[in-house]
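>>> I'd like to go over a predicted model; first the sequence, then the structure.
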Amino acid sequence: MISVLLHRLGSANLLLFLIFVMLDVHARPANMSALKEKSPDSKEENEILPPDHLNGVKMEMDGHLNKDFHQEVFLGKEMEEFDEDSEPRKNRHKLIEIFTKVDINRDKSVSAKEMQRWIMEKTEEHFQQAVKENKLSFRAVDPDGDGHVTWDEYRIKFLASKGFNEKEIAEKVKNNEDLKIDEETQEVLENLKDRWFQADNPPADQLLNEEEFLSFLHPEHSRGMLKFMVKEIVRDLDQDGDKKLTLSEFISLPVGTVENQRAQDVDDDWVNERKKEFQEVIDANHDGIVTMEELEEYMDPMNEYSALNEAKQMIAVADENQNHNLELEEILKYSEYFTGSKLMDYARNVHEEF
Ligand SMILES: [Ca+2]
Ligand SMILES: [Ca+2]
Ligand SMILES: [Ca+2]
Ligand SMILES: [Ca+2]
């Protein structure tokens, strides 16, 4: 009897342990990596919804830093090809191929200028990808194909994607009846509505055409929407209401739940990283305050000055011989930073590859 009890207790502890391990995984600061894992299955049902995560943009919509940014601007649309379980040999070859493309003047070394040009090119690639996907999404919200979508049409599609009965909702909208939706969904809907009207270019007719719908889904490539996005982020982080951010406001964003020392360390790293980004990059004139203009420059994916800074930062991470350029050996060694996947045998006969 006792042994059975002990046995039960043992498996109960094991279960607790497993739960704990699972919780620990989720103790990471929100948005730091969870997004990527979520997106593949949620993508289809939410294709008409603006994504939380924008490729090639330094900050997420909720104000967290985009931790995959370097990989996104280095790999462009080839991102999926470097997934973790693809063969190291193949990754190595692909990385060498990329290196030779970045190295425009073929001196076997990548300069900051070369990297800047590459980053701009890859950012454009993400944008073209977004344009392509937008065509499909627009078709989904504009089934009658007249080239315009009303807010009501979109609202119905959105609620249908949330599991509401499309016919019933459409009927209620038509008759101006109460939709009886929960508070949380209502809040999302309000935010979407603000964004919808923002994407509606003057003269405002409350209809979005394909181009306007693109800025609704992808605000990062439209000046007006970029301002809107920055306003939203500042609104969420600004505590004293002066529409500017101090360092303490910027790092006060809630991080993951701290449950143990390891999570605490992760959170410390998170704060340090945010601090560094605030002081060295976002606060461009280094006066300790981030204005909306500074944040807008920072968020703009097509900003050449940021791309050059980014290029220098990326080079500095891997520049072991300190010549302010990247050689193939360096990029192979820091493969994980550039591509997200490690190469075990990075040093193997580098020179034979040429
Ligand atoms: Ca070169
Ligand atoms: Ca403030
Ligand atoms: Ca400043
Ligand atoms: Ca170097």
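Right, received. Where do you want to start? Ligands and ions are numbered 1, 2, ... in the order given.
>>> now find how far off-centre stretch 87-106 is within its chain.
The gap between where stretch 87-106 is centred and where its chain is centred comes out at 24 Å by CA atoms, centre = their mean, to the nearest Å.
>>> give the buried residues for that stretch.
For stretch 87-106, the neighbour count (16 or more other CB atoms under 10 Å) marks 91, 92, 94, 95, 96, 98, 99, 102, 103 as buried. The way it works is simple: take the backbone N, C-alpha and C, and place the C-beta from them, glycine included.
>>> what's the distance between the fifth one and ligand 2?
Spatial separation of residue 96 from ligand 2 under the definition CB to the ion, to the nearest Å is 47 Å.
>>> host element of that residue?
helix 88-102 (DSSP states H and E).
>>> which strands and helices sit next to that helix?
Judged by 3 or more CB pairs under 8 Å, 6 or more residues apart in numbering; DSSP states H and E, helix 88-102 is in contact with helix 112-141, helix 328-333, helix 335-339.
>>> give the rounded mean pLDDT of the last one.
Mean per-residue pLDDT for helix 335-339: 92.
>>> stretch 116-123 now?
On average, stretch 116-123 scores 97.
>>> go on, stretch 252-263?
60.
>>> and the strands in the stretch 151-300 of the chain?
207-208, 245-246, 289-290 (DSSP state E, counting those that start in this stretch).
>>> among the ones you listed, which is nearest ligand 1?
Between ligand 1 and the strands of the stretch 151-300 of the chain, the shortest gap by CB to the ion is with strand 289-290, which sits at 34.3 Å.
>>> can you list the strands that that closest one pairs with?
Strand 289-290 has the following strand partners under DSSP bridges: strand 245-246 (antiparallel).
>>> which residues sit against the strand it pairs with?
With CB atoms under 8 Å, 6 or more residues apart in numbering as the contact definition, strand 245-246 has outside contacts at 234, 237, 238, 278, 288, 289, 290, 295.
>>> most neighbours among those, which one?
Counting neighbours by other CB atoms under 10 Å, the top entry in these is residue 295, with 26 neighbours.
>>> against residue 251, how distant is the closest residue to that one other than its chain neighbours?
Spatial nearest neighbour of residue 295, chain neighbours left out: residue 230 (4.9 Å); criterion: CB to CB, 6 or more residues apart in numbering. Computed as CB to CB, to the nearest Å, the residue 230 to residue 251 distance reads 18 Å.
>>> again, but for residue 52
From residue 52 to residue 251 the distance is 21 Å (CB to CB).
>>> just residue 103 next, same as before
Taking CB to CB, one finds residue 103 at 38 Å from residue 251.
>>> identify the residues contacting the residue nearest to residue 196 when sequence neighbours are not counted.
Excluding the flanking residues, the one nearest residue 196 by CB to CB, 6+ apart is residue 151, at 5.7 Å. By CB under 8 Å, 6+ apart, residue 151 lies in contact with 193, 196, 206.
>>> which of those residues are buried?
residue 196.
>>> spell out which residues of the stretch 101-250 of the chain are next to ligand 2.
Neighbours of ligand 2 within the stretch 101-250 of the chain, by CB under 5 Å from the ion: 238, 240, 242, 244.
>>> and of these, the nearest to ligand 4?
residue 244 (38.2 Å).
>>> where's residue 70, which helix or strand?
Using DSSP H and E, the element containing residue 70 is helix 69-75.
>>> chain center to that helix: distance?
How far helix 69-75 lies from its chain's middle: 11 Å, per CA atoms, centre = their mean.
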